[in-house]
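K.L.:
I would like the atomic coordinates for the input below:
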Amino acid sequence: MSRVTVLLGGLSSEREVSLSSGREIIGALREAGFEVTAVDPGPDLGAVVGAIAVSKPDVVFNALHGRFGEDGAIQGVLDWMGIPYTHSGLRASAVAMDKAAAKAAFAAAGLPVAPHRLMQAADLADADPFPLPYVVKPVREGSSVGVYILREHDNRRAEIASGWCWGEIIAEPYIPGKELTVAVMDDRALAVTEIATGHAFYDYDAKYADGGSRHAIPAPVPDAVRDRAMEVAVAAHAALGCRGVSRADFRWDDSRPGAEGLVLLEVNTQPGMTPTSLVPEQAAYRGIPFPELCAWMVRQARHDGVDRGAEVRPRAKGMRDAA
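P.N.:
Predicted coordinates:
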């Protein structure tokens, strides 16, 4: 496993985040002694397959975010190519990216989730899906892209609906309190971080801009809340069939006793690896330097397809030439 190809950038609305993650990963892997090649996938699938095949990786480090990168699409390509890759496989990636499907898996595992409603933009234009305050967000996006909180006396519903461009909507009651997150490595929860921000919520800028948020690690929460959040994060990782690293995001209504107010929002199977990201921060808190974290992820890599062996490169080349 000396040669690693890092996939970064890509086609989704989270391209810039992926580029930032990828740059950090490339530097860390080189520091850890790997031979690294970078590939920025474009819209030509044949060219993507060809570029990966030409780089002859032992492992692909998937640093893509959003659609095509964490929804099972590129995972399926790598399974077909027979190349081990980091993070979760096709099924876990696809289910986690679909917030409604993921919530169904969490509920079936007995994990605490908020009620929700699926709707189209026209439905939102017609009426509030829940009493105010509530949250609307795309069913299949990440990094808080397209997330809106509508509070008391908020008159933006029609405006949000008219400008909606992310497909199906999932609406949920707004949960007051604190934002918590837990990184999971394989079957181990690393820590609980509380996220505070001056923004209306933990949005895209709060996640990735310098100074956009403040992270308290370990989170100043009761032991019962800490223990329950870590337990639920590991259980959610398992419920989706994740592997490698994932990150579970929570809201905790601290007006309720103990861990009763803890609600699982979602699991991110491709968590950010930027200088402001939460997973590297929790790993460092547990004594795992960033190069060691990236090297561990490479060692955990595998694929879920048929082992095609040497057959993959000639076919990938032919596919590229025909494109």
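K.L.:
helix, strand or coil for Leu265?
P.N.:
strand (DSSP: H, G, I helix; E, B strand; the rest coil).
K.L.:
Distance check, it against Pro138.
P.N.:
Counting by CB to CB, to the nearest Å, the separation of Leu265 from Pro138 is 14 Å. Every C-beta, even on glycine, is put in place using the N, C-alpha and C of the backbone.
K.L.:
who has more neighbours, those two?
P.N.:
It is Leu265, of Leu265 and Pro138, that has more neighbours when counted by other CB atoms under 10 Å, with 22 against 19.
K.L.:
Tell me where the model's unsure across this protein.
P.N.:
1, 142-143, 198-212, 306-323 (pLDDT under 70).
K.L.:
what ranges do the strands span in it?
P.N.:
Ranges of strands in the chain, per DSSP state E, are 3-7, 35-39, 59-62, 117-119, 134-138, 148-150, 169-173, 178-185, 188-196, 214-216, 245-252, 262-268.
K.L.:
chain center to the last one, what's the gap?
P.N.:
On the basis of CA atoms, centre = their mean, to the nearest Å, strand 262-268 is displaced by 11 Å from the centre of the chain it belongs to.
K.L.:
Ok, the first one next?
P.N.:
Its chain's average C-alpha position is 19 Å from that of strand 3-7, according to CA atoms, centre = their mean.
K.L.:
Next: the second one.
P.N.:
Strand 35-39 has its average C-alpha position 22 Å from the chain's average C-alpha position, going by CA atoms, centre = their mean.
K.L.:
Can you dump the C-alpha atoms of it in CSV for me?
P.N.:
Provided in CSV are the C-alpha atoms of strand 35-39 (Å, rounded to 0.1, in the frame of the first residue of the first chain):
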residue,chain,number,x,y,z
GLU,A,35,3.6,8.0,-2.9
VAL,A,36,0.6,10.2,-3.7
THR,A,37,-1.2,11.2,-6.9
ALA,A,38,-4.2,13.6,-7.0
VAL,A,39,-7.2,13.2,-9.3
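K.L.:
Can you report how many residues neighbour Gly110?
P.N.:
By other CB under 10 Å, the residues close to Gly110 number 9.
K.L.:
Now it. Its backbone dihedrals?
P.N.:
phi 80, psi 20 (degrees, to the nearest 10).
K.L.:
okay, now the residue nearest to Leu19 when sequence neighbours are not counted: neighbour count?
P.N.:
Nearest residue to Leu19 in three dimensions, chain neighbours excluded: Gly9, at 5.1 Å (CB to CB, 6 or more residues apart in numbering). Neighbour count of Gly9, defined by other CB under 10 Å: 22.
K.L.:
Ok, the one 10 residues further on next?
P.N.:
Residue crowding around Leu19 was assessed by other CB under 10 Å; the count is 19.
K.L.:
can I assume it is in contact with Leu8?
P.N.:
Yes. Taking CB atoms under 8 Å as the definition, Leu19 is a contact partner of Leu8 at 5.6 Å.
K.L.:
which neighbours do those two share?
P.N.:
Asp40 (CB atoms under 8 Å, 6 or more residues apart in numbering).
K.L.:
For the residue nearest the centre of the chain, name its beta-bridge partners.
P.N.:
What sits nearest the mean C-alpha location of the chain, by CA atoms, centre = their mean, is Asn268, with 2.8 Å. Legend: beta-bridge partners of Asn268 under DSSP bridges are Arg247.
K.L.:
nearest to Gly72, of the strands of the chain?
P.N.:
Nearest to Gly72, of all the strands of the chain, is strand 59-62, at 11.3 Å by CB to CB.
K.L.:
Report all helices and strands that the closest one contacts.
P.N.:
Packing partners of strand 59-62 (3 or more CB pairs under 8 Å, 6 or more residues apart in numbering; DSSP states H and E): strand 3-7, helix 73-81, helix 290-299.
K.L.:
residues of the longest one that come out buried?
P.N.:
Of the residues in helix 290-299, 290-291, 293-298 count as buried by neighbour count, 16 or more other CB atoms under 10 Å.
K.L.:
out of the strands of the chain, nearest to Arg286?
P.N.:
Among those, if distance is taken as CB to CB, the winner is strand 188-196, at 5.1 Å.
K.L.:
Contacts only, for the closest residue to Gly241 other than its chain neighbours.
P.N.:
What sits nearest to Gly241 in space, not counting adjacent residues and going by CB to CB, 6+ apart, is Ala92, at 4.2 Å. With contacts defined as CB under 8 Å, 6+ apart, the neighbours of Ala92 are 240-243, 269.
K.L.:
how about a markdown table for those, with distance to Ala216 and neighbour count added?
P.N.:
Converted to a markdown table, the contacts of Ala92 look like this (distance: CB to CB, whole Å; neighbours: other CB atoms under 10 Å):
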| residue | distance to Ala216 | neighbour count |
| --- | --- | --- |
| Leu240 | 27 | 23 |
| Gly241 | 31 | 16 |
| Cys242 | 25 | 26 |
| Arg243 | 29 | 20 |
| Thr269 | 25 | 31 |
